[in-house]
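Undergrad: Below is the sequence, then the predicted model.
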Amino acid sequence: MTTAVVVGSGPNGLAAALTLAAAGVRVRVIEAADVLGGGTRSGELTLPGLIHDECSGMHAMVPGSAFAQRFDLAGAGLTWRWAPVEFAHPLDGGRGAVAVRSVAGTAAGLGAGGRGWLRTFGPLTERFGTISQEFLQPVLHVPRHPLHLALFGAYAGLPATVLARRFRTPEARALFTGVAVHAFRPLDTFASSAIGVALTTAAHAVGWPVAEGGSAAIRDAVLVRAAEYGVQFETGRRVTSLDELGGPDLVMLDTSPAAATRIAGDRMPRHIRRAYLNYRHGPGVFKVDFAVEGGVPWAYEGARSAGTVHLGGGVAEMAAAERDVTAGRMPERPFVLVGQQYLADRSRSAGDMHPLYAYAHVPAGFRGDATEAITARIEQFAPGFRERIRAMYVRSTTELSRRNENYVGGDVVTGANDPWQLLFRPRAALDPYATGVPGVHLCSAATPPGAGAHGMCGYNAARRALARLRGPARRPEADPTRLA
């Protein structure tokens, strides 16, 4: 019987394990932490009864992903919930803008900026099903819907600051740019719109839902399916070498590229090792979870119903802050993302006490304390917020990377989203999951399509691994995955 070992149990490691097991492979998962799930963990971080997401919180790309559909995660107990508003962007003076599931409804609320919004996101939303199939796999593939992909690419390739001009009003421009900031990169660079366009279109097509009971429910649903196929798990064990694994037919590494080089050692071809060690990580995050009595008193009313709130001011202010963190400088007023998951999922609250999720973009490996900067940023747009805080739980970039070694320097998206790595991650190769070591594959968020709890990196990697295992034998001196 074919055997496999998966190193790491984040959403991609679990997806790889389940995909292999469903194909008849005997699978064992080894996790360094004491708890499975990686970025899909939840718990009572502040006060009893309040459920906080430890990392991933909102899941635009998960419900409709090929992995979630293939294994019917909804049928395994996963329930999705939506807030009344998908995301909001407050501005000073009680102004702001919101995005709702309806692209027409969003445009209607944007005044003079609505026409450009509808012209941009209307056609993309209509085609989101086919477009998402294309970008949730490696860039180097033969597209089944080339015209739809070209439509997406026409906007995705623009600098975010350029695309934002299409929306005319300060509120509409800030609304889009706040989503583009999810890329963790300067907003005036080529293709800095890509992630913003994808996530905004997803908000209109499927929303930004949360998992009922916390993001750990995604992990739990995958574990239900994994148990059906006999996947075995071992926690509290750190793998340092392939020699420790007992010679399985397949090894899937849900690790950073640098960690993969350490595990593979001298077995990895020199050119691939060099590419992995040159893989670039992006800025970090500093995370604070709050217990808030009565919710956040946002001055902009639309933010009171939003599952996600972006705090960054106008386009110029966000662009300056992102330039700073990318250059290694801590901004005085950083971009802050706030998650109000409890508005969609009331089971996370205890009476009138609510869990609030917040993180700031900070330089990689930032060693300072951004707690006050985050608190002040929320207070700026929600006067009286401080008075409602009853408890806090803080995680620095150091703590985040200690708890999850894939988050190098606090980089929770596992890699810089610069133009090269958006197209070719973790290296330029026909098979981006192949490590050059026979039977060993990288399946973390450092591979296509990148960060998220969608599991598509692991799903894609496992399918490639199965195809290679069952395909014709290749001469060991040939490396069909190498482009140059």
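TA: Structure received. Numbering: from 1, shown residues only.

Undergrad: ranges for the strands of the stretch 51-200 of the chain?
TA: Here the stretch 51-200 of the chain has its strands, by DSSP state E, counting those that start in this stretch, at 52-53, 80-81, 85-90, 96-99.

Undergrad: For burial, what's the neighbour tally of the residue lying closest to Asp249 once chain neighbours are set aside?
TA: Using C-beta to C-beta, 6 or more residues apart in numbering and skipping residues adjacent in sequence, the residue nearest Asp249 is Thr2, 4.8 Å away. Where you see a C-beta, it was placed from the backbone N, CA and C, and this is true even at glycine. By the measure other C-beta atoms under 10 Å, the count of residues near Thr2 is 15.

Undergrad: what sits against Thr2?
TA: Contacts for Thr2 (C-beta atoms under 8 Å, 6 or more residues apart in numbering) come out as 24-26, 249-250, 469.

Undergrad: roughly how far apart are it and Leu20?
TA: 8 Å (C-beta to C-beta, to the nearest Å).

Undergrad: Need the residues touching each of these two.
TA: What both Thr2 and Leu20 touch, as defined by C-beta under 8 Å, 6+ apart, is the set Leu250.

Undergrad: quick revisit: any chance of the contacts of Thr2 in CSV, plus pLDDT and neighbour count?
TA: Formatted as CSV, the contacts of Thr2 follow (pLDDT from 0 to 100; neighbours: other C-beta atoms under 10 Å):
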residue, pLDDT, neighbour count
Gly24, 96, 10
Val25, 97, 22
Arg26, 97, 17
Asp249, 96, 16
Leu250, 97, 22
Leu469, 86, 16
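
Undergrad: and the residues you listed, which two are the farthest apart?
TA: Greatest spacing in these, by C-beta to C-beta: Arg26 and Leu469 (13.3 Å).

Undergrad: Out of the strands of the stretch 51-200 of the chain, which gets nearest to Cys457?
TA: Short answer: strand 52-53, nearest of the strands of the stretch 51-200 of the chain by C-beta to C-beta, at 19.6 Å.

Undergrad: what's that closest one packed up against?
TA: Helices and strands touching strand 52-53, by 3 or more C-beta pairs under 8 Å, 6 or more residues apart in numbering; DSSP states H and E, are strand 42-43, strand 353-362.

Undergrad: got those strands as JSON lines, with distance to Leu422 and mean neighbour count columns?
TA: As requested, these are exported to JSON lines (distance: least, C-beta to C-beta, whole Å; neighbours: other C-beta atoms under 10 Å):
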{"stretch": "strand 42-43", "distance to Leu422": "29", "mean neighbour count": "20"}
{"stretch": "strand 353-362", "distance to Leu422": "18", "mean neighbour count": "25"}
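
Undergrad: re the thing from before, I'd like the strands of the stretch 51-200 of the chain as CSV, with mean pLDDT and distance to Val394 appended.
TA: Listed next are those as CSV, based on pLDDT from 0 to 100; distance: least, C-beta to C-beta, whole Å:
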stretch, mean pLDDT, distance to Val394
strand 52-53, 98, 12
strand 80-81, 97, 27
strand 85-90, 98, 23
strand 96-99, 98, 27
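
Undergrad: Deepest-packed of those strands, please.
TA: strand 85-90 (a mean of 28; mean count of other C-beta atoms under 10 Å).

Undergrad: other SSEs contacting it?
TA: Using 3+ C-beta pairs under 8 Å, 6+ apart, strand 85-90 sits against strand 96-99, helix 170-180, helix 194-205, strand 306-311.

Undergrad: Show me what the longest one is packed against.
TA: Contact partners of helix 194-205 among helices and strands, from 3+ C-beta pairs under 8 Å, 6+ apart: strand 85-90, strand 96-99, helix 114-126, helix 128-135, helix 146-156, helix 160-164, helix 170-180.

Undergrad: by contact count, what packs against the longest one?
TA: In this case it means helix 114-126. Partner elements for helix 114-126 (3+ C-beta pairs under 8 Å, 6+ apart): helix 103-108, helix 146-156, helix 170-180, helix 194-205.

Undergrad: Show me where this protein dips below the pLDDT cut-off.
TA: Applying pLDDT under 70 to the chain picks out residues 141, 472-484.

Undergrad: Compute the inter-axis angle for the helix of greatest length in it and helix 128-135.
TA: Criterion DSSP state H: the longest helix present in the chain is helix 456-470. Inter-element angle recorded for helix 456-470 and helix 128-135: 60 degrees (by axes from the mean of the first three to the mean of the last three C-alpha atoms, to 10 degrees).

Undergrad: and helix 456-470, how far out from the chain's middle?
TA: 21 Å (C-alpha atoms, centre = their mean, to the nearest Å).

Undergrad: Which other helices and strands does it contact?
TA: Looks like helix 456-470 contacts helix 11-22, helix 66-70, strand 250-253, strand 440-442 (3+ C-beta pairs under 8 Å, 6+ apart).

Undergrad: How about the backbone phi and psi for Glu322?
TA: phi -70, psi -30 (degrees, to the nearest 10).

Undergrad: What is the burial count for it?
TA: 28.

Undergrad: Repeat that for Gly111.
TA: Counted with other C-beta under 10 Å, Gly111 comes out at 13.

Undergrad: if you skip the residues just before and after it, what's nearest to it?
TA: Thr169 (5.7 Å).

Undergrad: And for Gly328?
TA: Pro363 (4.6 Å).

Undergrad: swap in Ser65?
TA: That would be His454: by C-beta to C-beta, 6+ apart, it lies 4.3 Å from Ser65.

Undergrad: One more: Leu73?
TA: Ala221 (4.3 Å).

Undergrad: The one you found: what secondary structure?
TA: Secondary structure for Ala221, judged by DSSP: H, G, I helix; E, B strand; the rest coil, is helix.

Undergrad: my read: it touches Trp80, true?
TA: No - between Ala221 and Trp80 there is no contact under C-beta atoms under 8 Å: 11.0 Å.

Undergrad: joint contacts of those two?
TA: What both Ala221 and Trp80 touch, as defined by C-beta under 8 Å, 6+ apart, is the set Ala74.

Undergrad: Now Gly49: phi and psi?
TA: Torsion angles, degrees, to the nearest 10, at Gly49: phi 90, psi -10.

Undergrad: now Val292
TA: Torsion angles, degrees, to the nearest 10, at Val292: phi -120, psi 130.

Undergrad: so it touches Arg388, yeah?
TA: Yes - here Val292 reaches Arg388: they are 5.0 Å apart, a contact under C-beta under 8 Å.

Undergrad: The two: who's more crowded?
TA: Val292 (25 against 19).

Undergrad: Relative to Arg402, which of the strands of the stretch 51-200 of the chain is closest?
TA: strand 52-53 (18.1 Å).

Undergrad: strands paired with the closest one, and their directions?
TA: Looking at strand 52-53 with DSSP bridges, its partner strands are strand 42-43 (antiparallel).

Undergrad: what residues does the partner strand touch?
TA: By C-beta under 8 Å, 6+ apart, strand 42-43 touches 51-54, 213-217.

Undergrad: where exactly do the helices run in the stretch 301-450 of the chain?
TA: 315-326, 371-381, 385-388, 397-403, 419-423 (DSSP state H, counting those that start in this stretch).

Undergrad: rewinding a little: distance to Ile30 for the strands of the stretch 51-200 of the chain - can I get that in CSV?
TA: Below are the strands of the stretch 51-200 of the chain laid out as CSV (distance: least, C-beta to C-beta, whole Å):
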stretch, distance to Ile30
strand 52-53, 24
strand 80-81, 30
strand 85-90, 37
strand 96-99, 41
